[in-house]
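# Structure, please.
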Amino acid sequence: MGRISETVKHLIIINALFWVATIVLRKSGIDLDAILALHFPLNDTFKPWQVITHMFMHATFTANGGIIFAHILFNMFGLWMFGTPLEQMWGRNKFLFFYIFAGVGSAIVYTAFNFYQFFQASEIMHGLGFSNDQIKALLSLPHDQVVSTLNSGVYDGLRLDRIQEIYDEGYFAFNSVAVGASGALYGILVAFAMMFPNAELMLIFLPIPIKAKYFVPILILGDLFFGFTQYSIGPIAHFAHVGGALFGFIMMWYWKRNQFNKNRWDK
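Alright, predicted model coming up:
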């Protein structure tokens, strides 16, 4: 792909600085994720700036306290690999606008899906006699504590496993935390596939060359499958990926229909 472009280089540096700062401050008792990661809008931890700042944050620690390298490593590798040729074609301003647009779009779609799950669970819990304040209070407590409380009661003949399923959907939506440049990167992937459809790409665990026009849709379909099923291989925000890809496609389609003078991005 050649030499890294300037904006891509600066984005990688910023992401790396945020990642290091999160680790250093966490050890000092300051949780940067609580301030800059994307939280559910109805949760008290949500702040408007998180729609932007979450895309510069990445996973840092495992449950056992080990440091996570893979999340930021793969995202920044993808940004360099696919973002560099796009910036070289578009220029700094157009590329940066597209990157932020796709990242914000990923946050919108991810949050919309969480709202859907939250309100589905809320409607059923309302039917069981819970008020809005009670639902919010329950969802704000530790998960295992509330589940044991819910499972000790009988609610209009509903099975206990169904009660927990309903609660889990609302709990994980209400307490969702999203970090990473993956949504913006998926927008970049869509743009790359549309600009270089016949470029051959490979997955690390599947070293078979696939043209970008097939490779990227396969990735997106995979996220849709894992997002709608229980087969996700980890705590991955699949709908953030889908959102970034969707908004990236919308912007590419809009630019294609409206052939702007490319010099307007240099102003």
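# All the strands of this protein, residue numbers only.
Taking DSSP state E to define them, one finds strands in the chain at 38-39, 177-178, 200-203, 206-211.
# and the first one, which strands flank it?
Sheet pairing for strand 38-39, assigned by DSSP bridges, gives strand 177-178 (antiparallel).
# show me where pLDDT drops low in the protein?
Along the chain, the model assigns pLDDT under 70 to residues 1-2, 146-164, 203-206, 230-235, 260-267.
# about what we covered before: which of the strands of the chain has the highest mean neighbour count?
strand 38-39 (a mean of 26; mean count of other Cβ atoms under 10 Å). In short, each C-beta sits where N, CA and C put it, glycine included.
# Which residues outside it are in contact with it?
Here strand 38-39 makes contact (Cβ atoms under 8 Å, 6 or more residues apart in numbering) with 45-47, 50-51, 54, 107, 110-111, 176-179.
# if we go to 6 Å?
Contact with strand 38-39 is made by 45-46, 50, 54, 107, 177-178, as judged by Cβ atoms under 6 Å, 6 or more residues apart in numbering.
# Among those, which one sits closest to W253?
Closest approach to W253 among the contacts of strand 38-39 (Cβ to Cβ): A107, at 20.3 Å.
# ok, so what distance separates the closest residue to V8 other than its chain neighbours from I218?
Excluding the flanking residues, the one nearest V8 by Cβ to Cβ, 6 or more residues apart in numbering is G83, at 4.5 Å. G83 is 20 Å from I218, where distance means Cβ to Cβ, to the nearest Å.
# Comparing those two, which residue is more hemmed in?
Neighbours were counted for G83 and for I218 using other Cβ atoms under 10 Å; G83 has more, 29 against 10.
# Check the gap between that one and I4 for me.
For G83, the distance to I4 - Cβ to Cβ - is 9 Å.
# Please apply the same query to V216.
Using Cβ to Cβ, one gets 21 Å for the distance from V216 to I4.
# the more surrounded of the two?
Per other Cβ under 10 Å, whichever of V216 and I4 has more neighbours is V216, with 24 against 16.
# How much space separates that one from A181?
On the measure of Cβ to Cβ, V216 and A181 end up 16 Å apart.
# just Q120 next, same as before
According to Cβ to Cβ, Q120 stands 29 Å off from A181.
# So for these two, which residue has more residues nearby?
Neighbour count, other Cβ under 10 Å: between Q120 and A181, A181 has more, with 30 against 14.
# is it true that that one touches N75?
Yes. Using Cβ atoms under 6 Å, A181 is in contact with N75, at 4.6 Å.
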